[in-house]
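[1] Below is the sequence, then the predicted model.
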Amino acid sequence: MLDLSKYQSIGAALKDALDEFASEVCLIEADREREKERLSYRDFKDRAHLLSKALQEGGFSAGDRASIIMTNQSKWLISAYAIFFAGGVLVPLDYKLTPDEQWQLLKHSNAFVLITEYPIWRQLSASAGRAAAANIRSVLVTEAPANADLAGAMRWEEFRGVREPVFIARKRADTACIVYSSGTGGRPKGCMMTHENYLEQCVALTSIYPFWPGVRYLSILPTNHAIDFMVGFFGPFTCGATVVHLRTLRPEYVREAFPKYKITYVSLVPLVLKNLQKGLQARFDALPAGKRKVFNALVRINKALTKGRPRLGISRRLLKQVHEALGGELRTIIVGGAFTEPQTLQFFYDLGIPVANGYGLTEAGTAITVNDLRPFRADTVGKPLPGMEVRIVNPAADGVGEVSVRSKTVMAGYLNEPELTAETIVDGWLMTGDLGRFDDAGHLQLTGRKKNMIVTEEGKNIYPEDIEVVFESLPVKEFCVFAANYIWPKRSMTGEKLVLALHLEAGQQYGEELRREINARNNRLLNYKRIHGVVLLDEDFPRTASLKIKRNVLAERLAKLDSASAILPL
Amino acid sequence: MRTLEQTTQEVLDLAAKHFQLPAGTLAPGDDFFKKLGIDSLQTLEMLSRLENHFGIELPDYEVQGVSDFKTLAERIQSRL
């Protein structure tokens, strides 16, 4: 079992791993069918040291913040390690956010270095939001064409120091990363994750899903996401495994990568997992009747033999073609970011491909519970990971209450938000805002949300407050955005939608003109952030003394309406 | 060499065909996520089909944040 107890920081643990596994392959990078790069741990260290030294020569020191906005690639991980080596705090941001949103978070994080890719920088540098983030003093861009206008940035490839950098030690309680769990439109939620959070989570996760030299992890989820940062960087690197990056996420190239690189683990969001299921099912359905009958019989035998626990060797022999199409080495698919439907999990398990479904939050240091597959249970999110105390607060008669967590992996708090932190971490317990109960076998079952938010199948957390800005000055008396599931709890965590509650002016109708206006504004939002309907309420919205809408009270009033008829189409 | 108008029309025709819609259903300014009700994965599949048709490679980063046919056609045009 991995022992990281002697380390104080991510940087220190990685530093030793780079030496211990010097000749192993740590990174493979491919673009479509072309392999672009293959780095050993020694190569990785050499490249990171050049960058780390240059950062130090530029005045970067302990506790300074540097942000990375990049797609999954080797330079992401090299840059991250260089930042940790120099004692810095990493601010990983989502490359899919709009430039204005990225500038807003860059400003909030108070980072002074930004490391990004040229196509992203082209959009960022042209955005009006740049003026607001004066804290960014140095920008490094990767892969800029020779004649590119760098708009004040420096080339990552040329930013290198001359001598060896000095390793800067950090303490376990120091902040390692500021990870934004939401808040691009309203109140940014920058989770301050400590070195201890990562060290403890890494030990807990690798005790169930171990890495070793020779294991190959396919990195598809964005590395800024807590899951990929852990299982696509810190976890495999501390154990000498290999991370495979693809520069395109087209399904056909992703499918090819499994057999080509003999992938051992992959993390996916439910949307991609379902797509994979759809593709496989279509292939099974296309089999001639006789072959299909044999195949179905083999699946039934596999199901019977793996009832108590996965038996990879047997499954691989029984369902050889399915496993070979996935490279023949796939041990587990890790699924995260959002709730996965049990039938999808069961589909893969029946084929002998266990899916590690679990439950986690960035605030809790990624995973809280994980299915230990002994036995596999598609109807739950598994048992608490080692070191996680999970309890249900104020359970109702059926045992359902708010899930709360206490662990060394829980964040230190939200950056610059002491009040919000105090509301979220109460007496050392992280209040998740999710509802659930434990069954008799100690498995956690999630039943809904207490908080006003949705999580899409692509693993995106959307808070209504963050998108309300686009509806400002809408010609109505009042408006408020809600997660429909918050108003009308449906005991499900899939297919969640946002709705816009409107209080119209006296005599105003919800007509074509207003509908068009709402649609025009809605279209300014990224597709997964859009509202799906309108709910009308002909009364003043309840407000606090400072005139803020009392969302919980308003939701109670809206709940009296019949959801089926109250939600009007856009 | 195609004009931008021709490229746009071919993009619209191909997208309509890919999602089995009658020709002429789609317009350049349409948001394809909304109009077609598709997710990011289905968009990537559509892009692969467009790449094959135009004989180009359109890196994922080039289409990051693009959601309407007109802008998509412009990105394709710049690579023809």
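    Good, I have the coordinates.
[2] element containing residue A:144?
    Taking DSSP states H and E as the criterion, residue A:144 maps to no regular element, lying outside all helices and strands.
[3] how about it, what does it touch?
    With Cβ atoms under 8 Å, 6 or more residues apart in numbering or on different chains as the criterion, the residues that contact residue A:144 are A:118, A:121, A:150, A:153, A:155. All C-beta atoms are positioned from the backbone trio N, CA, C, and that covers glycine.
[4] One more: residue A:211?
    For residue A:211, the contact set (Cβ under 8 Å, 6+ apart) comprises A:217, A:235-236, A:238-241, A:265.
[5] Strands - which of these land there?
    Within the contacts of residue A:211, residues falling in strands by DSSP state E are A:217, A:265.
[6] pLDDT for the contacts of residue A:211 - can I get that in TSV?
    Below are these laid out as TSV (pLDDT from 0 to 100):
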residue	pLDDT
A:217	97
A:235	97
A:236	98
A:238	98
A:239	97
A:240	98
A:241	98
A:265	96
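[7] what about the closest residue to chain A within chain B, how many neighbours?
    Nearest residue of chain B to chain A: residue B:33, at 3.7 Å (Cβ to the nearest Cβ). Taking other Cβ atoms under 10 Å in any protein chain shown as the criterion, the count of residues near residue B:33 is 19.
[8] If we ignore the residues flanking it in sequence, what's nearest it?
    On the basis of Cβ to Cβ, 6 or more residues apart in numbering or on different chains, the spatially nearest residue to residue B:33 that is not a chain neighbour turns out to be residue A:527, at 3.7 Å.
[9] Then residue A:550?
    In space, not counting the residues next to it along the chain, residue A:550 is nearest to residue A:542; the distance is 4.3 Å by Cβ to Cβ, 6+ apart.
[10] got the contact list for the one you found?
    Shown here is residue A:542, whose contacts under the criterion Cβ under 8 Å, 6+ apart are A:549-550, A:553-554, A:557.
[11] Out of these, give me the one that has the most neighbours.
    residue A:554 (22 neighbours).
[12] Which residues of the stretch 151-300 of chain A lie near chain B?
    A:247-252, A:271-272, A:275 (Cβ under 8 Å from any Cβ of the partner chain).
[13] Now, of the residues you listed, which are buried?
    Buried residues within those, counting neighbours by 16 or more other Cβ atoms under 10 Å in any protein chain shown: A:247-251, A:271-272, A:275.
[14] in the sheet, who's paired with residue A:403?
    With DSSP bridges as the criterion, the beta-bridge partners of residue A:403 are residue A:392.
[15] Give me the neighbour count for it.
    Taking other Cβ under 10 Å as the neighbour definition, residue A:403 ends up with a count of 28.
[16] Is chain B within reach of stretch A:439-455?
    No - contact between stretch A:439-455 and chain B, assessed by Cβ under 8 Å from any Cβ, is absent, since the two come no nearer than 14.6 Å.
[17] one step back: in helices, which of the buried ones among the residues of the stretch 151-300 of chain A next to chain B appear?
    For these, the ones inside helices are A:251, A:271-272, A:275, with DSSP state H as the criterion.
[18] Closest to residue B:76 out of those?
    Sorting these by distance to residue B:76 puts residue A:251 at the head of the list, at 19.8 Å, by Cβ to Cβ.
[19] how much space between the closest residue to residue A:393 other than its chain neighbours and residue A:446?
    In space, not counting the residues next to it along the chain, residue A:393 is nearest to residue A:402; the distance is 4.5 Å by Cβ to Cβ, 6+ apart. Residue A:402 sits 11 Å away from residue A:446 when distances are taken as Cβ to Cβ, to the nearest Å.
[20] Need the overlap of contacts for those two.
    Shared contacts of residue A:402 and residue A:446, defined by Cβ under 8 Å, 6+ apart, are found at A:434-435.
[21] Pick out the most distant pair among the contacts of residue A:542.
    Greatest spatial distance in the contacts of residue A:542: A:549 and A:557, 11.3 Å, computed using Cβ to Cβ.
[22] related to what we said a few turns ago, thought the residue nearest to residue A:393 was touching residue A:394?
    Yes - here residue A:402 reaches residue A:394: they are 6.8 Å apart, a contact under Cβ atoms under 8 Å.
[23] When those two are compared, which one has more neighbours?
    Neighbour count, other Cβ under 10 Å: between residue A:402 and residue A:394, residue A:402 has more, with 19 against 8.
[24] how close does that one get to residue A:165?
    For residue A:402, the distance to residue A:165 under the criterion Cβ to Cβ works out to 46 Å.
[25] repeat for residue A:513
    Applying Cβ to Cβ, the value for residue A:513 to residue A:165 is 61 Å.
[26] circling back: how about the contacts of residue A:144, which pair is most distant?
    That would be A:121 and A:155, which, of these, are the farthest apart (Cβ to Cβ) at 10.8 Å.
[27] and which of the contacts of residue A:144 is nearest to residue A:470?
    Checking those one by one against residue A:470 (Cβ to Cβ), the nearest turns out to be residue A:121, at 25.3 Å.
[28] Leaving out sequence neighbours, find the closest residue to the closest one.
    Nearest to residue A:121 is residue A:141, by Cβ to Cβ, 6+ apart, at 4.6 Å.
[29] Can you list the strands that the helix or strand where the one you found lies pairs with?
    With elements delineated by DSSP H and E, residue A:141 resides in strand A:138-142, which encompasses its position. Based on DSSP bridges, the pairing partners of strand A:138-142 within the sheet are strand A:113-117 (parallel), strand A:154-155 (parallel).
[30] Contacts for the last one next, please.
    When contacts are defined by Cβ under 8 Å, 6+ apart, strand A:154-155 is touched by residues A:138-142, A:144.
[31] for it, the distance to its chain's centre please.
    Using Cα atoms, centre = their mean, to the nearest Å, we find the averaged C-alpha position of strand A:154-155 to lie 29 Å away from the chain's own average C-alpha position.
[32] Next SSE downstream of that strand?
    Next helix or strand after strand A:154-155 toward the C-terminus (DSSP H and E): strand A:175-182.
[33] What's the mean pLDDT across that next one?
    Across strand A:175-182, pLDDT averages out at 92.
[34] and it, what does it pack onto?
    strand A:89-92, helix A:99-109, strand A:189-194, helix A:195-208, helix A:226-229, strand A:461-462 (3 or more Cβ pairs under 8 Å, 6 or more residues apart in numbering or on different chains; DSSP states H and E).
[35] most tightly surrounded among the ones you listed?
    helix A:226-229 (a mean of 26; mean count of other Cβ atoms under 10 Å in any protein chain shown).
[36] got the contact list for that one?
    The contact list for helix A:226-229 (Cβ under 8 Å, 6+ apart) reads A:72, A:92, A:177, A:179, A:219-223, A:267, A:334, A:336-337, A:360, A:362, A:365-367.
[37] now do stretch A:37-47
    Contacting residues not belonging to stretch A:37-47 are listed as A:17-19, A:21-29, A:74, A:77-78, A:81, A:237, A:240 [Cβ under 8 Å, 6+ apart].
[38] Could you do stretch A:473-481 as well?
    Contacts to stretch A:473-481, defined as Cβ under 8 Å, 6+ apart, come from residues A:464-465, A:467-468, A:471, A:498-505, A:508, A:514, A:517-518, A:521, A:531, A:540-541, A:549, A:551, A:554.
[39] in chain A, which strand has the most residues?
    The strand of greatest length in chain A, counted in residues with DSSP E as the criterion, is given as strand A:429-438.
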